[in-house]
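# give me a model of this one.
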Amino acid sequence: MRIVDIFKHRVARFADSLGARLLRPDGAVLSIAYVLPPPADFASSVVASFVAGATATQAGTTVTVSAAAHAIPASKNGCKIYYPGSPSIPSGWYTGLTWVDVNTIRFQRDAAATVSSESVNAGAAFTGVFVKAASVAIPGGAIGINGRIKVNLMRTGDTASGIKSVRLLIAGVYACLATGTTFPCGTASMTIWNRNSSSSQITVASNDGNTGSSFQQLSIDTGADFVVDLALSVTNPSQWVALDAFDVEIVRS
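Coordinates of the predicted model:
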């Protein structure tokens, strides 16, 4: 039976305005997973550590970063990149990442300026810091007391041995983590599941279908509006990680 026939023949109707749930004539409620896409302004996003002693200049709206063996590949041209800041160029996400050579990248800044060579991130490599790359707002009550949120993502990174991480946060609280080292490219899913209460959850992460060895227990009130965040981090100099694609799957129960 086609979805349209379910309603045409009154086999079921929408149970409420929160979540894709169908109510059958006998009173049974059927939950259907529905997917929230990334925000309209989302683009593949790169967090790089650069190296100690990296410098930056700006001419017009183009910022040039010099960082020996930065490891960011040309395949990431056009992505967003997080810049950790320097005296004249604020930290934040910038568009138009461009690979110049193995020691140099460029990106675009909205504000035009002329900046002579200055130290990036106070002269230190940008490591061990989680940077939010994407956020999705979830309406209160959207998952019910036994429902779940599952974040599906694709990530890429360098192949050095340092850890490349994607962290999931719910209402600003750490929920779970997907990591990679020498095989950093792949998919992952991270699930938050309510346990017979809108304010009690268990969370787990699975990398490319492989089970994890840990879980988190949370007490977030999902009956109120909350935000799901994805944050990126690398541990060593000359490393990078990218969040290339994601969606948020919701099942209300």
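
# what separates stretch 76-87 from the chain centre, distance-wise?
Offset of stretch 76-87 from its chain centre (CA atoms, centre = their mean, to the nearest Å): 16 Å.

# next one: stretch 172-184
With CA atoms, centre = their mean, you get 10 Å for stretch 172-184.

# avg pLDDT for that stretch?
Average pLDDT, stretch 172-184: 90.

# quick one: contacts of it?
153, 155-169, 186, 188, 190-192, 201, 203-205, 207, 212, 215-216, 218, 220, 227, 229, 241 (CB atoms under 8 Å, 6 or more residues apart in numbering). C-betas here are computed from N, CA, C, even on glycine.

# are any of the residues you listed buried, and which?
Among the contacts of stretch 172-184, the ones that count as buried by 16 or more other CB atoms under 10 Å are 153, 155-158, 160, 162-169, 186, 188, 190-192, 201, 203-205, 207, 216, 218, 220, 229, 241.

# and the closest residue to residue 204 other than its chain neighbours, how close does it get to residue 110?
Nearest residue to residue 204 in three dimensions, chain neighbours excluded: residue 215, at 4.9 Å (CB to CB, 6 or more residues apart in numbering). Distance, residue 215 to residue 110, by CB to CB, to the nearest Å: 42 Å.

# in the protein, spot the strand with the most residues.
Taking DSSP state E as the criterion, the chain has its longest strand at strand 104-119.

# ok, whichever helix or strand comes after that strand: who's next to it in the sheet?
Next helix or strand after strand 104-119 toward the C-terminus (DSSP states H and E): strand 131-138. Strand pairing for strand 131-138, using DSSP bridges, gives strand 226-234 (antiparallel).

# buried set for the partner strand?
Buried positions in strand 226-234, judged by neighbour count with 16+ other CB under 10 Å: 226, 228-234.

# which among those gets closest to residue 32?
Nearest to residue 32 among these: residue 228, at 19.7 Å, using CB to CB.

# returning to what we had before: list the ones among the contacts of stretch 172-184 that fall in strands.
Assignment to strands by DSSP E places the following of the contacts of stretch 172-184 there: 153, 155-157, 164-169, 186, 188, 190-192, 201, 203-205, 207, 216, 218, 227, 229, 241.

# please report how far residue 140 lies from residue 220.
In this view, residue 140 and residue 220 are 11 Å apart by CB to CB.

# give me the common contacts of those two.
Listed as contacting both residue 140 and residue 220 by CB under 8 Å, 6+ apart are residue 226.

# quick one: the host helix or strand of residue 177 to strand 201-207, angle?
Following DSSP H and E, the helix or strand that holds residue 177 is strand 173-180. On the basis of axes from the mean of the first three to the mean of the last three CA atoms, to 10 degrees, strand 173-180 is oriented at 10 degrees to strand 201-207.

# which parts of strand 173-180 are buried?
Of the residues in strand 173-180, those buried by neighbour count under the rule 16+ other CB under 10 Å are 175-180.

# surely residue 47 meets residue 239?
No: under the criterion of CB atoms under 8 Å, residue 47 is not in contact with residue 239, lying 9.2 Å apart.
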